[in-house]
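Engineer: okay, here's the prediction I keep looking at, along with the sequence it came from:
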Amino acid sequence: GEGEGERALQAGKLGPRSPRLRPRPHHQPRGGQGADGFNAQLHANRAAACLKLTAFPDAVAAASAALDLNPLYAKALVHRGRAQVALGEPLEAALDLERALHADPRLRPHLAGELEAARKAAAHAAPDCYSLLGVEASASASDIKKAFHRLALKFHPDKQAQAAQGPEDRQRAERHFQRLTHAHATLSDATKRREYDRQRALGLRNPLWAR
């Protein structure tokens, strides 16, 4: 078997091209490498259990703990996104589900429908991008950039974590920072901003999420 072949190779009895030897693929742990990866997987598993128990705030907290250790852990992003849908936070859910797809494109067949539904809900629930950044609709690209940088420094999750009284405070800070990031990404891109302004005039509060 493969074990015998490896022992024979070590003993010098077989060449490296022996048909009895098959290379074993390297599988990276799902949560990442080392202790952080192992702990991230434990937190993600707890988030999955909380989802099944409909303990949605606990699911968000557990998934967030996993993402603190591995920000690109697709499994944790999916769990947090689904919990946020249940908690009525469609914008945050859409952001997490999109990040999960970027981290692992193989999830697209399973998440496409959920992401579309979250985007549609977010289109009507999300705050206005201009209001979030505290600028007028006529603001220049430079004004938008300055406003975002000022708010990003103030509301960055790392800074807010120092003043947070508990997990709920930290989660609120993370949600607000995600909204700021989305607003800036929308308004700093000329094409997206034109489309946003066009559909905003039709009454959608955050039209890009409806697409």
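Structural biologist: Yes, it's here.

Engineer: for the protein, which segments count as helices?
Structural biologist: For the chain, the helices defined by DSSP state H occupy 2-10, 34-52, 56-69, 74-86, 90-103, 108-125, 129-133, 141-155, 157-163, 167-187, 190-200.

Engineer: could you say which of the ones you listed is packed most deeply?
Structural biologist: Burial of the helices of the chain is given as mean neighbour count (mean count of other CB atoms under 10 Å); helix 74-86 ranks first at a mean of 25. From N, CA and C alone the C-beta is placed, and that goes for glycine too.

Engineer: which strands or helices does that one pack on?
Structural biologist: The contact analysis (3 or more CB pairs under 8 Å, 6 or more residues apart in numbering; DSSP states H and E) places helix 74-86 against helix 34-52, helix 56-69, helix 90-103, helix 108-125.

Engineer: quick one: that helix to helix 167-187, angle?
Structural biologist: Relative orientation of helix 74-86 versus helix 167-187 (axes from the mean of the first three to the mean of the last three CA atoms, to 10 degrees): 90 degrees.

Engineer: just to revisit the earlier point, how about the helices of the chain in JSON lines, adding mean pLDDT?
Structural biologist: Compiled in JSON lines, these are given as follows (pLDDT from 0 to 100):
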{"stretch": "helix 2-10", "mean pLDDT": "45"}
{"stretch": "helix 34-52", "mean pLDDT": "93"}
{"stretch": "helix 56-69", "mean pLDDT": "93"}
{"stretch": "helix 74-86", "mean pLDDT": "94"}
{"stretch": "helix 90-103", "mean pLDDT": "90"}
{"stretch": "helix 108-125", "mean pLDDT": "86"}
{"stretch": "helix 129-133", "mean pLDDT": "89"}
{"stretch": "helix 141-155", "mean pLDDT": "92"}
{"stretch": "helix 157-163", "mean pLDDT": "64"}
{"stretch": "helix 167-187", "mean pLDDT": "82"}
{"stretch": "helix 190-200", "mean pLDDT": "88"}
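
Engineer: returning to that earlier point: for Leu132, which of the helices and strands packed on helix 74-86 is the nearest?
Structural biologist: helix 90-103 (10.6 Å; CB to CB).

Engineer: list the contacts of the closest one.
Structural biologist: 72-74, 77-78, 80-82, 84-85, 107-108, 111, 114-115, 118-119, 121-122, 125-126, 175, 178-179, 182, 206, 209 (CB atoms under 8 Å, 6 or more residues apart in numbering).

Engineer: tell me the angle of that helix relative to helix 108-125?
Structural biologist: Going by the same axes, to 10 degrees, helix 90-103 makes 150 degrees with helix 108-125.

Engineer: how much space between the residue nearest the centre of the chain and Ala118?
Structural biologist: Ranked by distance to the mean C-alpha position of the chain (CA atoms, centre = their mean), the top residue is Asp96 at 3.3 Å. From Asp96 over to Ala118 the distance is 9 Å, taken as CB to CB, to the nearest Å.

Engineer: shared neighbours of these two, anything?
Structural biologist: Listed as contacting both Asp96 and Ala118 by CB under 8 Å, 6+ apart are Gly81.
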